[in-house]
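> Quick one: sequence and predicted model below, then my questions.
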Amino acid sequence: MDLTFSERETAFRDELRGWLAENQPPAKPSADAGEDAQFNWRRDWQRHLYEAGWAAPAWPTEYGGRGASQTESAIYYEELGRARVPVAANTLGILLGGPTLMVWGTPEQKERYLPPILSGEEIWCQGFSEPDAGSDLASLKTRAVKDGEEWVVTGQKVWTSGAQYAKWCMLVARTDSDVAKHKGLTYFLMDMEQEQVQVRPLRQITGEAEFNELFIEEARIADANVVGGVGNGWKVALTTLMNERAGLGFALQIRLRQLLDDVIAVAAEKGLLENAYYADAIAELHIRCESIRLLAWKGLTDAERYGQPGPEGSLVKWLWSDTNQRATQLAADVIGPQALMGGTSWSYELMRARGNTIEGGTTEVLKNIVAERVLGLPRLKVAA
Ligand SMILES: Cc1cc2nc3c(=O)[nH]c(=O)nc-3n(C[C@H](O)[C@H](O)[C@H](O)COP(=O)(O)OP(=O)(O)OC[C@H]3O[C@@H](n4cnc5c(N)ncnc54)[C@H](O)[C@@H]3O)c2cc1C
């Protein structure tokens, strides 16, 4: 693993740093302003990035990106994290949907869908999870039946982040019940703007409704919106899932570092750094932060060397989510009752962190992957 940047990488970082120094977003709207105001703030920021050619540097130049290397892409997320700017409104489109279309989409699909993802004009959501299919995604029951040039879709999705703002949904549905469960799936782009798709918000412990339930009752999808071929949905969905952890990991580890630095600053003000309990807890979190940073870079080196991300990415996500929960808990201990008061950023961080060990793959499932694919332990036999 070589952590020295090349001249090109250093120039890339300096150009971005310079741009970010001169292009700070306006202050985040307060919680009282509501979730729509916060979403619009993120959408405006994405538009600003887009106009300057910084919305998705990792995308090829033909699709509006900069053809950035994996290392440059990691630098991009590190710098955004360091500058503490908002996450782009259409993150699921940029990180998941766009790259999936680049692999599996037809030329017409790429031409139609990629530009508005980048500009933030059309927001995307991910309709994978169902009430009885989360970790075991291939058990999903939402059905799609061919009717002339269209598909008719009926079922229920859950935990669909950003569905209330989305124009397009990456939807995986069952198109054949007579074959093995992984083989009977198809990946669609579903237009969310039809009355057969009802979006009902689910309120989280933080008070916000980031995700939703989708009730789909005979929704129509044009045959031209099948991605990757009928019956090939499992493979296409894996492309989406593989991209899920690839880029964001770098921004997340930087934000964790910042959170820890903020906690250390408050602990210093309160004279708690002399206290063995707090000093010990902070030291442990510091070591974890460094380990996560180095593991993320090692994963990148492997991806560049072998052409694809390895299963070690699961280790980064597992360690990050566990460490983020510990760091927010320590923050609450250091700050005291004020950290538990609703509406403060500390209370938000503490409560939002609970979902980290579930979203993007639960810790238990990630541990299975690490056990089987990194350590080479025997496969788990699920009891009948
Ligand atoms: C904030 C947030 C945002 C999300 N956004 C989206 C989204 O936009 N789109 C989307 O489709 N989904 C989304 N999800 C859903 C997420 O992907 C699922 O919650 C996750 O995959 C787990 O599925 P589940 O909730 O059905 O739990 P289950 O899979 O039912 O798991 C229940 C418990 O059993 C454990 N378990 C399951 N299988 C195994 C196993 N083989 N070995 C050991 N333990 C196991 C799990 O670890 C967990 O503790 C989001 C979730 C959260 C928290």
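Nice, I can see it. Numbers count the residues shown, from 1 in each chain.
> what element comes up after the top helix by length along the chain heading to the C-terminus?
The helix that spans the most residues within the chain, counting by DSSP state H, is helix 276-306. Of the helices and strands lying after helix 276-306 in sequence (DSSP states H and E), the nearest is helix 312-335.
> hmm, back to that, counting by contacts, list what the longest helix of the chain packs against.
Applying 3 or more C-beta pairs under 8 Å, 6 or more residues apart in numbering; DSSP states H and E, we find helix 276-306 packed against helix 70-83, helix 248-269, helix 312-335. No exception for glycine: its C-beta is placed from N, CA and C like everyone else's.
> Make TSV from the ones you listed and add mean neighbour count to it.
Putting those into TSV (neighbours: other C-beta atoms under 10 Å) gives the following:
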stretch	mean neighbour count
helix 70-83	20
helix 248-269	19
helix 312-335	21
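> Could you check which helix or strand contains the spatially closest residue to residue 66 that is not a sequence neighbour?
Nearest residue to residue 66, sequence neighbours excluded (C-beta to C-beta, 6 or more residues apart in numbering): residue 57, at 4.1 Å. Residue 57 is part of no helix or strand, with elements assigned from DSSP H and E.
> so residue 57 sits right up against residue 76, yeah?
Yes - using C-beta atoms under 8 Å, residue 57 is in contact with residue 76, at 5.2 Å.
> ok, now how distant is residue 167 from the ligand?
According to C-beta to the nearest ligand atom, to the nearest Å, residue 167 and the ligand sit 15 Å apart.
> does that residue really touch residue 123, like I thought?
Yes - taking C-beta under 8 Å as the definition, residue 167 is a contact partner of residue 123 at 5.8 Å.
> out of these two, which sits in the more crowded spot?
residue 123 (24 against 18; other C-beta atoms under 10 Å).
> list the contacts for the more buried one?
In this structure, residue 123 makes contact with 43, 89-90, 92-93, 162, 165-168, judged by C-beta atoms under 8 Å, 6 or more residues apart in numbering.
> List the buried residues of stretch 22-41.
25, 31, 35, 38-39, 41 (16 or more other C-beta atoms under 10 Å).
> Among those, name the ones in helices.
Per DSSP H, the subset of those in helices is 35, 38-39, 41.
> before we move on, the earlier item: now the two most distant members of the contacts of residue 123.
Farthest pair in those (C-beta to C-beta) is 43 and 168. Separation: 15.2 Å.
> Residue 171 belongs to a strand?
Yes - judged by DSSP: H, G, I helix; E, B strand; the rest coil, residue 171 forms part of a strand.
> And it, what's its pLDDT?
For residue 171, the pLDDT comes out at 98.
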